[in-house]
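Q: need the 3D shape of this:
(one chain, ligands or ions: 1)
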Amino acid sequence: MHHTTDQTVARATVAPNLVDYEAARTAFDWADARALLAGLPDGAGCNIAWEALDRHVAEGRGGQVALRLLGRAGGRREVTYAELAEQSGRFAAGLEQLQVAAGEVVVVVCGRQLDLFVAVLGALKRRCVVCPVFSAFGPEPIATRLQLSSAAVLVTTPDLYRRKVAERRGDLPALRHVIVTGDAATAPDGTLALDPLLAGAPAGYRIAPTSADDPALLHFTSGTTGTPKGAVHVHGAVVAHHVTARLVLDLHDGDVVWCTADPGWVTGTSYGIIGPLTCGVTLVVDEAEIDPARWYAILADEAVDVWYTAPTAIRMLMRAGTDVPGLDRPRPHLRLACSVGEPLAPDAVEWGERHLGLPFHDTWWQTETGGIMVANFRSMPIRPGSMGRPLPGIEVALVACDDEGDLVRTPAGEVVLLDGAAQGMLALRTPWPSMFRSYLGAPDRYAACFAPAAGATWYLSGDVVRRDRDGYLWFVARADDVIKTSGHLIGPFEVERVLVEHEAVAEAGVYAVPDPVAGALVHAVVVLTTDTVERLAGGDPGEVLRSVMAHARRHLGASVAPRQILVADDLPKTRSGKILRRVLRARELGLPVGDLSTLETGAVQTGAVQTGAVQSGAVQSGAVETGARP
Ligand code: WT7
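A: Numbers count the residues shown, from 1 in each chain. Coordinates of the predicted model:
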């Protein structure tokens, strides 16, 4: 390609922040990393919003552009560090006027717009606990998170409020204030408008002393069973956000950075807001959904230097083909492209190399880790398909699992660490600054994430990985039943719970099937109660399934609801009554289910799944599928 030389030159002129991996690991010290932060004035502690905004203003960089917001319908708006510092300060002052106290939870359900940044950073200044929630969720997952967090404040848009929250308001007694974007004229009953709140609040908000151990962020994540888990992170996590933004994303002064993650998920907070802003760079924020031509235009027109995206998006670009306008444009600035969230296949790494002029660098982390833990660094040769190597300051171990996937324990209750090239569950030596400090209200679930070995306590990630003899880590599988669809983590239980709320559904099993773009799709098998099918639809299960599908989409949102629902006479279960989701999956895919007698506690009921031919949008022989994309 004609621009390869330009790109090589531009890339070569910026030296990587991490030049020598081994040397950086040896020299690394979290205390040195902490010294890169400013700290609140007069030794008043550590506050994420100060590090992200006010610090730069205090040091004379207030005129630097913090956000470059690209509107859905076109248009471009730049906001400086000084402006964002002031607006977020006004939001903090507004919360104070509303008597919202430090430690109270502020849930933010918003698109990628300025108000989101003002609310998140303002709430952090007020020392509230910020909980971003995905705006594509339906009313049920949103209400669940508002309830579990006992949120005192919700920040959202008038439209999202009307469609997803208003009818559930009565179930949310802890929710004292709903603040909606815009002015008073568009604010629904029972809400406060954000614009007048900001205008009426004083400028010059002074952040009160903040401890690095004060809770700052709450991110809900899903497990196999039970309600979503609220992972709590502290203000001191900003050290990890900052250091990883420098070492992995390789952020330098003057960079333009584009993190495509939605702010409703942890990547959108750690690297779509906090990490880059602590480095003083300009963040590109695109309000619109993924569109290949639009994305190529953004990379070129906005002169993006560093790009952080996800495998599901990369696969979408790959599938769109090479005729998409803009793919062949010069991108002399683009220095680094990184990926996170799911396995990044070697062909995706190579596609980047061929069509963007640089490979994708995979990174690994989780909601619980708060920041990147494993990465292919810019200066390190990539092994396509590998997640890379642990960050300086992070020690990983592989923990032995038995044939059934359970952890091996010594009589003393320790787990067993494996040496050298091996396969096991990925574990991280505690602590590190962005480690989650609790699952809200669920101390037992939190405690179950940790185990002792070799004189240390290890966080057990739930991911099975392979380590090669050079220490590169390769993703193998998750040890549980959670589903990653389009990069979003969905707990099967949360979906099953909504399905069985439908009057015709007696039982439901939810599982993942592979998909070339989304990575995985959510599918379900339900057992219907015969008399209800008779009463509702004169015995036609297809009609009932359509109503179950409509129910699921209405309550869960299209991105969480199953894409296909099948009917069965009963569900396969262990003797103890747990649904064998992976048997449902194996049956649908025609895979061997494995020797269940050794895997499970004994007898497995053999409910037959009525499959039949299933087509998008069609209902045939007891199966329904929806054609909607997530
Ligand atoms: C799970 C965590 C990653 C932060 C945002 C999502 C999977 C993550 C990779 C990767 C293969 C990956 C793991 C992990 N995952 N990165 N590079 N290769 N799998 O955080 O929603 O808590 O999801 O995402 O299974 O446990 P999350």
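
Q: in the stretch 501-630 of the chain, what residue comes closest to the ligand?
A: G519 (9.4 Å; C-beta to the nearest ligand atom). (Glycine included, C-beta is placed from N, CA and C.)

Q: the ligand contacts on the stretch 201-350 of the chain?
A: Proximity of the stretch 201-350 of the chain to the ligand, by C-beta under 6 Å from any ligand atom, involves residues T221, V266, T267, V340, G341, E342, P343, L344.

Q: quick one: contacts for the residue nearest in space to the middle of the chain?
A: When the chain is reduced to its mean C-alpha position, the nearest residue by C-alpha atoms, centre = their mean turns out to be W265, at 3.4 Å. When contacts are counted by C-beta atoms under 8 Å, 6 or more residues apart in numbering, W265 touches P132, F134, H219, G487, H488.

Q: recalculate using a threshold of 10 Å.
A: 132-134, 219-221, 272, 310, 341, 367, 487-489 (C-beta atoms under 10 Å, 6 or more residues apart in numbering).

Q: is it possible to get a markdown table of those that adds pLDDT, secondary structure and neighbour count?
A: Output for these, formatted as a markdown table (pLDDT from 0 to 100; DSSP: H, G, I helix; E, B strand; the rest coil; neighbours: other C-beta atoms under 10 Å):
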| residue | pLDDT | secondary structure | neighbour count |
| --- | --- | --- | --- |
| P132 | 97 | strand | 28 |
| V133 | 97 | coil | 25 |
| F134 | 95 | coil | 19 |
| H219 | 98 | strand | 25 |
| F220 | 97 | strand | 29 |
| T221 | 95 | strand | 18 |
| G272 | 98 | helix | 27 |
| A310 | 96 | coil | 27 |
| G341 | 95 | coil | 25 |
| T367 | 97 | coil | 21 |
| G487 | 91 | coil | 22 |
| H488 | 92 | strand | 23 |
| L489 | 91 | strand | 20 |
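
Q: now those in TSV, with distance to L545?
A: As requested, those are exported to TSV (distance: C-beta to C-beta, whole Å):
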residue	distance to L545
P132	34
V133	29
F134	26
H219	34
F220	29
T221	30
G272	38
A310	32
G341	31
T367	33
G487	28
H488	24
L489	26
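
Q: residues of the stretch 451-600 of the chain that sit close to the ligand?
A: Neighbours of the ligand within the stretch 451-600 of the chain, by C-beta under 6 Å from any ligand atom: S461, G462, D463, F475, R478, K484, L489.

Q: how far does stretch 27-35 sit from its chain's centre?
A: Its chain's C-alpha centre and that of stretch 27-35 lie 27 Å apart, by C-alpha atoms, centre = their mean, to the nearest Å.

Q: contacts only, for whichever residue of the stretch 301-450 of the chain sits closest to the ligand.
A: Nearest residue of the stretch 301-450 of the chain to the ligand, counting by C-beta to the nearest ligand atom: T367, 3.4 Å away. By C-beta under 10 Å, 6+ apart, the residues touching T367 are 217, 219-222, 229-231, 233, 265-267, 269-270, 436, 489.

Q: excluding chain neighbours, what is closest to it?
A: Among residues not flanking T367 along the chain, T221 sits closest, at 4.0 Å (C-beta to C-beta, 6 or more residues apart in numbering).

Q: give me the neighbour count for D569.
A: Close neighbours of D569, defined as other C-beta atoms under 10 Å, add up to 12.

Q: I'd say it and P541 touch.
A: No: in terms of C-beta atoms under 10 Å, D569 does not count as a neighbour of P541; the distance is 11.2 Å.

Q: in which helix or strand does V178 reside?
A: Element membership for V178 (DSSP states H and E) is strand 177-180.

Q: and the contacts of that strand?
A: Under C-beta under 10 Å, 6+ apart, the answer for strand 177-180 is 91, 94-95, 98-100, 106-108, 110, 115, 119, 151-162, 165-166, 169, 172, 186-188, 190-195, 197-198.

Q: any idea how far the residue nearest to the centre of the chain is from F220?
A: Relative to F220, W265 is positioned 10 Å away (C-beta to C-beta, to the nearest Å).

Q: common neighbours of those two, please.
A: Joint contacts of W265 and F220 (C-beta under 10 Å, 6+ apart) are P132, V133, F134, T367, L489.

Q: tell me how this protein divides into domains.
A: Domain segmentation of the chain under automatic domain parsing yields 5-374, 395-478, 483-625.

Q: ranking these by burial, who's on top?
A: Most buried of these, by mean neighbour count (mean count of other C-beta atoms under 10 Å): domain 5-374, with a mean of 20.

Q: below-threshold pLDDT in the stretch 451-600 of the chain: ranges please.
A: Scanning the stretch 451-600 of the chain for pLDDT under 70 picks out 594-600.

Q: what segments of it are strands?
A: For the stretch 451-600 of the chain, strands defined by DSSP state E, counting those that start in this stretch occupy the ranges 456-467, 473-478, 483-485, 488-490, 505-515, 519-528, 564-568.

Q: what's near enough to touch W30?
A: G236, V239, A240, V243, P392, G393, P431, W432, P433.

Q: name the nearest residue to G491, ignoring sequence neighbours.
A: G491's closest residue in space is S222 (C-beta to C-beta, 6+ apart), at 2.9 Å.

Q: cool, L217 as well?
A: Nearest residue to L217 in three dimensions, chain neighbours excluded: H233, at 4.3 Å (C-beta to C-beta, 6+ apart).

Q: from what I see, the one you found and T221 are in contact.
A: No: judged on C-beta under 10 Å, H233 makes no contact with T221 at a distance of 11.6 Å.

Q: can you put the domains of the chain in JSON lines and add distance to M380?
A: Output for the domains of the chain, formatted as JSON lines (distance: least, C-beta to C-beta, whole Å):
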{"stretch": "domain 5-374", "distance to M380": "5"}
{"stretch": "domain 395-478", "distance to M380": "9"}
{"stretch": "domain 483-625", "distance to M380": "24"}
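
Q: can you tell me which of these the model trusts least?
A: Within the domains of the chain, the stretch with the lowest mean pLDDT is domain 483-625, showing a mean of 79.
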